[in-house]
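Q: the amino acid sequence is not available; the structure is as follows:
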């Protein structure tokens, strides 16, 4: 059920489609626009605005899914464990937020705030605010009690000042054909990675590949997404993913890289009938109805869009971020060393 548009985009960015060459003139225009915009910020014509608390950005330089949203939740939980009160902000992609920022809860309407924000609010137990203007979203999160902001996406939203930047890279798809949009998946040139504080690489298997083209230290940190549980959409039943081992299911995934979700299930010995959907696709009853009695399994992000549908045989997979203990401790230490001075300065002035 993948759209034709989504297929040709993936073939152009990550395959051998010659269409990339036809798109190159538009890529040159895009490159000129982003270079000019960056220059305006560098020269001070456009200004980044610092909010009253530290800001951590988790984003990517490619279009599509890399695992940044689960990482956002993981980092917020780590900061909470360290004594901070994190607030999470997001654009609210595909939502209709309106002129003012909105606080998101697990019961919010995905048509208003977007699917990712509801997923984040349900899992993080932190204040979550959505709005295309990340500065306005951050200000509301601070009013709700946050003393550190974690931005889900926003590397390219230079208007919001930041204290620490994390770029997330898909260790399997990497940078595709290494062209800027629209001929390739890059939002910014690869040289942008040299200005990032930390790169995290989502891997499905162990081992590095020297893919980052980064001259700056420190080296990248690997992480994996593992299935922690499989739950009925109404949360009336929660099981170990191993309970589905050896069974055949219909698998739905409206995320940036559906194949990664399908492979995750197959890695748990689940026989998968693939149903890829475009990223952030709306879910309808037709997407859930099949002419058999097999279970339907989807991502947690997709599940929030199905609450008003008949989901009696539908399940979602809850995933957790796994990072080597030493790497996680070092990453958190580096982040705290950046944000703690701002907090202490604020307390001394307050």
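A: All right, it came through fine. Remember, predicted model here, so these are calculated numbers, not experimental data.

Q: what distance do you get for residue 107 to residue 45?
A: 43 Å (Cβ to Cβ, to the nearest Å). (C-beta placed from N, C-alpha, C; glycine too.)

Q: likewise for residue 308?
A: 47 Å.

Q: equivalent analysis for residue 313, please.
A: In terms of Cβ to Cβ, residue 313 sits 56 Å off from residue 45.

Q: and those two? which has more neighbours close in?
A: residue 313 (18 against 9; other Cβ atoms under 10 Å).

Q: got the contact list for the more buried one?
A: Contacts for residue 313 (Cβ atoms under 8 Å, 6 or more residues apart in numbering) come out as 293, 294, 295, 296.

Q: most neighbours out of these, which is it?
A: residue 296 leads the contacts of residue 313 on contacts (other Cβ under 10 Å) with 22 neighbours.

Q: and that one, that one's in a helix?
A: No: Residue 296 sits outside any helix when classified using DSSP: H, G, I helix; E, B strand; the rest coil, being strand.

Q: that one against residue 249, yeah?
A: Yes: the criterion here is Cβ atoms under 8 Å, and residue 296 meets it with residue 249 at 6.8 Å.

Q: got the buried residues for the longest strand belonging to the chain?
A: Counting residues, the longest strand in the chain under DSSP state E turns out to be strand 221-232. By neighbour count on 16 or more other Cβ atoms under 10 Å, the buried set for strand 221-232 is 221, 222, 223, 224, 225, 227, 229, 230, 231, 232.

Q: stretch 176-196 now?
A: Quick answer for stretch 176-196 (16+ other Cβ under 10 Å): 176, 179-188, 192-193, 196.

Q: with stretch 237-253 instead?
A: 241, 244, 249, 250, 251, 252, 253.

Q: roughly how far out does that stretch sit from the chain middle?
A: 23 Å (Cα atoms, centre = their mean, to the nearest Å).

Q: pLDDT (mean, whole number) over it?
A: Mean pLDDT, stretch 237-253: 95.

Q: span of it from start to end?
A: Terminal residues of stretch 237-253 lie 21 Å apart, using Cα to Cα, to the nearest Å.

Q: who touches that stretch?
A: With Cβ under 8 Å, 6+ apart, stretch 237-253 has contacts from 227-232, 261-262, 265, 268-277, 283, 287-288, 290, 294-299, 302, 317.

Q: repeat that for 6 Å
A: 227, 229-231, 261-262, 265, 268-273, 275-276, 290, 294-299 (Cβ atoms under 6 Å, 6 or more residues apart in numbering).

Q: same thing with stretch 57-77?
A: Residues contacting stretch 57-77 (Cβ under 6 Å, 6+ apart): 86, 88, 116, 120, 123-124, 126, 150-155, 162, 165-168, 170, 185-188, 192, 202, 225, 255-257, 319, 321.

Q: mind checking which of those are in strands?
A: Using DSSP E, these in strands are 86, 88, 150-152, 165-168, 170, 202, 225, 319, 321.

Q: just flag the most distant two among the residues you listed.
A: 86 and 170 (24.9 Å; Cβ to Cβ).

Q: what's in contact with the helix or strand bottoming out on mean pLDDT in the chain?
A: None of the helices or strands of the chain scores lower by mean pLDDT, DSSP states H and E than helix 4-14, at a mean of 75. Residues outside helix 4-14 that contact it (Cβ under 6 Å, 6+ apart): 17, 19, 20, 173, 176, 184, 185, 278.

Q: which one of these is nearest residue 97?
A: For these, the nearest to residue 97 is residue 278 (20.7 Å; Cβ to Cβ).

Q: on that earlier part again, and the angle for the helix or strand following the least confident helix or strand of the chain with helix 4-14?
A: Per DSSP states H and E, helix 4-14 leads on to helix 19-42 as the next helix or strand towards the C-terminus. Angle of helix 19-42 versus helix 4-14, following axes from the mean of the first three to the mean of the last three Cα atoms, to 10 degrees, is 80 degrees.

Q: what's the spacing between helix 19-42 and its chain's center?
A: So, by Cα atoms, centre = their mean, the centroid of helix 19-42 is 24 Å from its chain's centroid.

Q: any idea of the mean pLDDT in that helix?
A: 94.
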